[in-house]
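Visitor: Need coordinates for the following:
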Amino acid sequence: MKHAYMGIDVGSISTKGVIIDKDNNILSSSYIWTEGAPIDAVKKLVAILEEQFDKEQYKIVGTGTTGSARKLVGAVLGATMVKNEITAHAVGTTAFYPDVRTILEIGGQDSKIILVENGVAVDYAMNTLCAAGTGAFLSSQAKRLGIEIEDIGDIALKSEHPASIAARCTVFAESDLVHKIQMGYLKEDIIAGVCNAVAANYLNNVGKGKRIVSPVVFQGGVSKNRGVVAAFEKALGCKVNVDPNGHLMGAIGAAILAKNSSARRDFDFAIENMEFRIREASCGKCSNNCEIICVYRGDELIDSWGNRCERGSINPVA
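Guide: Here you go, the predicted structure:
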């Protein structure tokens, strides 16, 4: 039976998953909303992946997790590889764009930039305060303008005179957008201005001080917005590549990392029928007073983390 590898990327807004073969071909994929419940989202995601997966020809022998909930989901899935999203995105992107030098990534609530040299991530930055350069900002402005988020890009490209929208932060951008509406600007000009503001905010904050070199690859949910892609190309003066699977690249990278790892463990799709609980334990054995996260499958402790020294260690029973 052929070997396959699963990658899961769990973020605050969305949960992404793929199953790949040894040549990085995607056998199953899905993108769903996390809705504040990462374990439930992963159960749902795994069920969707299973429906697309050919169990007669393949078996999953390695699983990788990434994203903000990577440790939790890794424990639940019995992952053979758990890696941060910077590494996962870099590995996934360089597998398809070996010459990439700059990776732009914008998701629902966060964004990041990764600089690559010789196929290795050498520097990165993430947004910490402002949401004006994220998908959440685009979504809220689309709602304000009474249009579907999926239509923003196409409408923006119709503009001949994009409005100038303040890009310093969400508050200023929204205030300026309302002012432009009241002044009677054309909707497509306002939307184009919003797309330009997203790109400008990203470059002024996340990309500040970074040397952005071509080839550039843009990924994350916002990369599907043609208006923002055009705004980046104008601002950077170079072509911006958008992969059809760019919104899944973190999950793809996690799957590739699992494939390249020597660790092997067959994956059981029956996870959707299992019950998991999360509990916090306070150590109190020293001044650190660590809050330790414990993950249980039924009554069985399967993983824990959060302790800063051995005194706070809580190990699963072998």
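Visitor: switch to C-alpha atoms for all contacts and neighbour counts from now on
Guide: Fine.
Visitor: Next, the buried residues of the lengthiest helix in the chain.
Guide: In terms of residue count, the longest helix belonging to the chain (DSSP state H) is helix 187-205. By 16 or more other Cα atoms under 10 Å, the buried positions in helix 187-205 come out as 187-203, 205.
Visitor: What segments of the stretch 201-318 of the chain are strands?
Guide: For the stretch 201-318 of the chain, the strands defined by DSSP state E, counting those that start in this stretch cover 216-219, 240-242, 276-282, 291-297, 300-305.
Visitor: which residues sit against the fourth one?
Guide: Outside strand 291-297, the residues that touch it by Cα atoms under 8 Å, 6 or more residues apart in numbering are 72, 75-76, 274-283, 301-307, 312.
Visitor: Swap in 10 Å and give it another go.
Guide: The contact list for strand 291-297 (Cα atoms under 10 Å, 6 or more residues apart in numbering) reads 72-73, 75-76, 271, 274-284, 301-308, 312-316.
Visitor: Can you say which of those residues are buried?
Guide: Restricting these to buried positions leaves 72-73, 75-76, 271, 276, 281, 283, 301-307, 312, 314, with burial counted as 16+ other Cα under 10 Å.
Visitor: Rounded mean pLDDT for the longest helix of the chain, please.
Guide: For helix 187-205, mean pLDDT is 88.
Visitor: for that helix, packing partners?
Guide: strand 102-106, strand 111-117, strand 120-126, helix 135-145, helix 152-156, helix 170-182, helix 226-236 (3 or more Cα pairs under 10 Å, 6 or more residues apart in numbering; DSSP states H and E).
Visitor: can you do 6 Å?
Guide: In terms of contacts (3 or more Cα pairs under 6 Å, 6 or more residues apart in numbering; DSSP states H and E), helix 187-205 is packed against helix 152-156, helix 226-236.
Visitor: Comparing the strands of the stretch 201-318 of the chain, which yields the minimum mean pLDDT?
Guide: Averaging pLDDT over each of the strands of the stretch 201-318 of the chain puts strand 300-305 lowest, since it has a mean of 75.
Visitor: Partner strands of that strand and their direction?
Guide: Sheet pairing of strand 300-305 (DSSP bridges) gives strand 291-297 (antiparallel).
Visitor: Under the pLDDT cut-off, which ranges of this structure? List them.
Guide: The model of the chain has pLDDT under 70 over residues 128-135, 167-173, 305, 312, 315-318.
Visitor: same thing but at 50, please
Guide: Residues of the chain meeting the criterion pLDDT under 50: 318.
Visitor: and of the strands of the stretch 201-318 of the chain, who's closest to I39?
Guide: Across the strands of the stretch 201-318 of the chain, the minimum distance to I39, taken as Cα to Cα, is reached by strand 276-282, at 7.9 Å.
Visitor: what comes into contact with the closest one?
Guide: With Cα atoms under 6 Å, 6 or more residues apart in numbering as the test, strand 276-282 has contacts from C290, E291, I292, I293, C294, V295, Y296, R297.
Visitor: can you put these in a markdown table and add distance to K16 and neighbour count?
Guide: Shown next, in a markdown table, are the contacts of strand 276-282 (distance: Cα to Cα, whole Å; neighbours: other Cα atoms under 10 Å):
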| residue | distance to K16 | neighbour count |
| --- | --- | --- |
| C290 | 31 | 20 |
| E291 | 29 | 17 |
| I292 | 27 | 19 |
| I293 | 24 | 17 |
| C294 | 24 | 21 |
| V295 | 22 | 23 |
| Y296 | 23 | 18 |
| R297 | 23 | 16 |
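Visitor: which parts of stretch 11-24 are buried?
Guide: Across stretch 11-24, burial judged by 16+ other Cα under 10 Å covers G11, S12, I13, S14, T15, K16, G17, V18, I19, I20, D21, N24.
Visitor: ok, the fifth one touching I32?
Guide: Yes: A contact is recorded between T15 and I32 when judged using Cα atoms under 6 Å, the distance being 5.4 Å.
Visitor: Make JSON lines from the helices and strands packed on helix 187-205 and add distance to M126 and mean neighbour count to it.
Guide: Formatted as JSON lines, the helices and strands packed on helix 187-205 follow (distance: least, Cα to Cα, whole Å; neighbours: other Cα atoms under 10 Å):
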{"stretch": "helix 152-156", "distance to M126": "24", "mean neighbour count": "21"}
{"stretch": "helix 226-236", "distance to M126": "17", "mean neighbour count": "20"}
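Visitor: export these to JSON lines and tack on distance to D110?
Guide: JSON lines is the format used below for these (distance: least, Cα to Cα, whole Å):
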{"stretch": "helix 152-156", "distance to D110": "19"}
{"stretch": "helix 226-236", "distance to D110": "16"}
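Visitor: Relative to N118, which of those helices is closest?
Guide: Counting by Cα to Cα, N118 lies closest to helix 226-236 out of the helices and strands packed on helix 187-205; the figure is 21.5 Å.
Visitor: and for that closest one, what are the contacting residues?
Guide: Contact with helix 226-236 is made by G153, A156, L157, C195, N196, A199, K239, V240, as judged by Cα under 6 Å, 6+ apart.
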